[in-house]
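Colleague: Need a 3D model of the following:
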Amino acid sequence: MHAEPNDPPNPTRLSPWPERRRLALRFSLMGAALLLVPAIVYLIVLLQVSPDTADLREAEAVRPSMLMSADGEVLTTFGRAQQQHVTLAEISPHVVSALIATEDRRFREHHGVDFRRTAGALFHSATGSLQGGSTITQQLARNLFPEEIGRSRSLHRKLKELVTALRIEHHYSKDQILTSYLNTAPFLYNAVGVEMAARTYWDKPAAELSALESATLVGMLKGPHYYNPVLFPERAQKRRNLVLAQMLKQRSLPEAEYRRLIAQPVQVTLTRQAENLGSAPHFAAHARKWLVEWAETHEQDLYADGLVIETTLDTRLQRAAEQAVQKQAESLQRVADVEWSVPSLAATSGGLDSYAQRSTKAQPFAHFWKQHDELLAAAVRDTPAFRKAVAGGASEAQALQELMADAQWLARLKAQKTRLEAGFVAMDPSTGEVKAWVGSRDFNLDQYDHVAQAERQPGSTFKPFVYGAALEAGLRPERAYVDQAVEIRHGGNAVWRPTDMSGPSGNTMSLRDGLVYSKNTVTAQVMRDVGITRVVALAKAAGVDQSKLDPVPSLALGTSPVTLLEMVNAYATIANEGEHHKPVFVKRIRDRHGRVLAEFGSPTRRAMTAESAVELMDMMRGVVSQGTGTMVKTRFGIVADIAGKTGTTQNNTDGWFILMHPQLVAGAWVGFNDSRVTMRSNYWGQGGHNAILLVGDFFRDTLKGGLIDPKVRFAPPRQPQPTLARWSVPASSEPEGAALVRLEIDPDAPQEEPPMSAEELDRVLQHLDRSGNSPSPMR
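Modeller: Numbers count the residues shown, from 1 in each chain. Got it, this is the predicted structure:
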């Protein structure tokens, strides 16, 4: 049956396609929605993970920490790299022109992202020719946030960079963006920013950079290491010329100038910028080590958080110390130069002025090197140049011969080996605060710190610990000893025989005079009576607690190497009547807003009794008034209550002098870095004639400047009290004619010693009857 044309349509026979289209549209919309939701979520996350306004302010606010002196002067700053911020006006216009022409020619037109350039970069990358599409603002985003944005080749990283660039453009002007970029761009050799780059490669400020130099630096931005003008000058020249071509294209460089410049080779003079640690570089370096550890444990960034570190250093005392070290060490250098220049030492006598006159004609250390040719050869073998030559295939003999033939190189090595060095440190004994610190004569020439790093034998400056231990053990300054040859057995069959330069006199002298005149034979006997264990214990308690002290008899004469800082700290304990403070370098740390984060001090610890410390100090007064340290008064005219000790090691290798005043303790060491090089004459080789010059000069100027009070005095020693005599008889017989009975005076005998027994008294009387001698008290 067929339907008529006018019959209504049959629903069962309708076409299915409209319904399918509706279903397809519905699923398409649902799919789009499913894709759009993650995109929206990703966009939200992207905005959150990309650096925001607060991060921009924080990045802008990154600043180095400041190390301040106790009197409010900036000593130095601690930043991540060698970086000096400059304004746009302090940068050569050639740098700006080269940068914009090469890296972002539409910089002044876009708002952080050059979409035309980005699209072009994507097209070229798709065709296999990788191109960068980042604007200057995008590159700045990477410089400011290297960890947050990263440098991986990914879409996610690129989108973070894009968002951050837009935010930067919203908050800062174009000139601010240029300034920030040129101050944060890395240029190798620890130089960050165009100012340090200019000083590193051409030793000039950024304001003086030529078009050629500017193009070289801008060319490095694409790959600092790959286009390093020092290591790869040909690559750097090609890249530089490309930058010049872009400058020509942007009409910032005349064509004639362009033609002239591209023909020139790359010329740089690498000048590594010395780390600027300010006016007290060794002190700053030492403080920084401690500060880095403190910052890490307290979640602070020493190099970026802008901390204000208040130290104990006094710049007035520091300047006095630096001047004393410079002046007196130079004088002693002339002495060494002259004395080692001629065969006969007799021709070199005289004062410092006479040595200054003769030094102009002398050939420094000429005779020394004639006498020590093997030392010179050994010095050559110790150099990096020798090791490099051997590593390059030369035999040791061949390398040695070639270097010895290089006259200029050899002269520099000789000068380095024979350069006299010095260390100086001063501290307040009542607090342990370090007030002045000079680690070497010139930090630029010798960064090795002769205050806290160098361990040298202290010689006789160690003797006060022997005599202090004796006082602590109950011996009195009046106790008598004979200046005679001494033999002390130790370690099995070993025998130690200490001597003095003048030899034993056979005279009787007191314990006090043994220290005043620094007699080795007497000191050895005192150490034997007291015991080495007590001496070591006192030295450590007083402050010599970092270096190893070998418990052998020769320690009494200062044979165990120690640091100058330890020794001055220990003398400060004596000056503080036996109360010890550890050295204090930092008093307070504040954040950039002035809030106190931490305060520091050194707790007091009793190292020896006040009575023994005062007595020991009085004995050491005698060193500077009548003993080996009198030059500090006679030459520098110091009128104050002072005490101290000199020290000299074998063959005049080390010279020491430490001086105590109630308000300040200061010490100096003088010698050569290579202990095989020494002062020649015994006179100038003694600490009482070399190191004493540095300390005396410093104290004279300090007193003259009113930085310490000349009227302040140490506590006086206690007055002798009526005592009981304690008689003792040697257990074994002494040679005929010698005193068989000795009387020891001990004011504390009734309390600390048991009364003499009847048996002991009987022995005394028997000896008196046999010898006919009557006992006499020892001095």
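
Colleague: Phi, psi for the nearest residue to residue 328 once chain neighbours are set aside please.
Modeller: Leaving aside its sequence neighbours, residue 328 sits nearest to residue 693 (C-beta to C-beta, 6 or more residues apart in numbering; 4.1 Å). Bear in mind the C-beta positions are built from the backbone N, C-alpha and C, glycine included. Per-residue torsions, residue 693: phi -60, psi -40 (degrees, to the nearest 10).

Colleague: so how far is residue 646 from residue 693?
Modeller: Relative to residue 646, residue 693 is positioned 12 Å away (C-beta to C-beta, to the nearest Å).

Colleague: Same check on residue 689?
Modeller: For residue 689, the distance to residue 646 - C-beta to C-beta - is 9 Å.

Colleague: Tell me, how many residues neighbour residue 492?
Modeller: By the measure other C-beta atoms under 10 Å, the count of residues near residue 492 is 5.

Colleague: ok, now how distant is it from residue 531?
Modeller: For residue 492 relative to residue 531 (C-beta to C-beta), the value is 19 Å.

Colleague: How about residue 184?
Modeller: Taken as C-beta to C-beta, the span from residue 184 to residue 531 is 64 Å.

Colleague: Likewise for residue 504?
Modeller: Counting by C-beta to C-beta, the gap from residue 504 to residue 531 is 23 Å.

Colleague: Residue 408 now?
Modeller: Distance from residue 408 to residue 531, by C-beta to C-beta: 56 Å.

Colleague: In terms of neighbours, single out the busier of the two.
Modeller: The neighbour comparison of residue 408 against residue 531 (other C-beta under 10 Å) goes to residue 531, with 14 against 7.

Colleague: quick one on the thing from earlier: which residues does the residue nearest to residue 328 contact?
Modeller: 324, 328, 331-332, 631, 635 (C-beta atoms under 8 Å, 6 or more residues apart in numbering).

Colleague: Next, give phi and psi for residue 211.
Modeller: phi -60, psi -40.

Colleague: sorry, back to before: between residue 689 and residue 646, which is the more surrounded one?
Modeller: Of the pair residue 689 and residue 646, residue 646 is the one with more neighbours under other C-beta under 10 Å, namely 29 against 23.

Colleague: hang on, the more buried one in a helix?
Modeller: No: applying DSSP: H, G, I helix; E, B strand; the rest coil, one finds residue 646 to be strand, outside a helix.

Colleague: Correct me if wrong: it contacts residue 692.
Modeller: Yes: assessed by C-beta atoms under 8 Å, residue 646 is found in contact with residue 692 at 6.6 Å.

Colleague: Now do the shared contacts for these two.
Modeller: 629, 657.

Colleague: On the pLDDT front, check the nearest residue to residue 413 once chain neighbours are set aside for me.
Modeller: Nearest non-adjacent residue to residue 413, counting by C-beta to C-beta, 6+ apart: residue 379, 6.2 Å away. Residue 379 is assigned a predicted lDDT (pLDDT) of 95.

Colleague: for residue 379, helix, strand, or coil?
Modeller: With three-state DSSP as the basis, residue 379 sits in helix.
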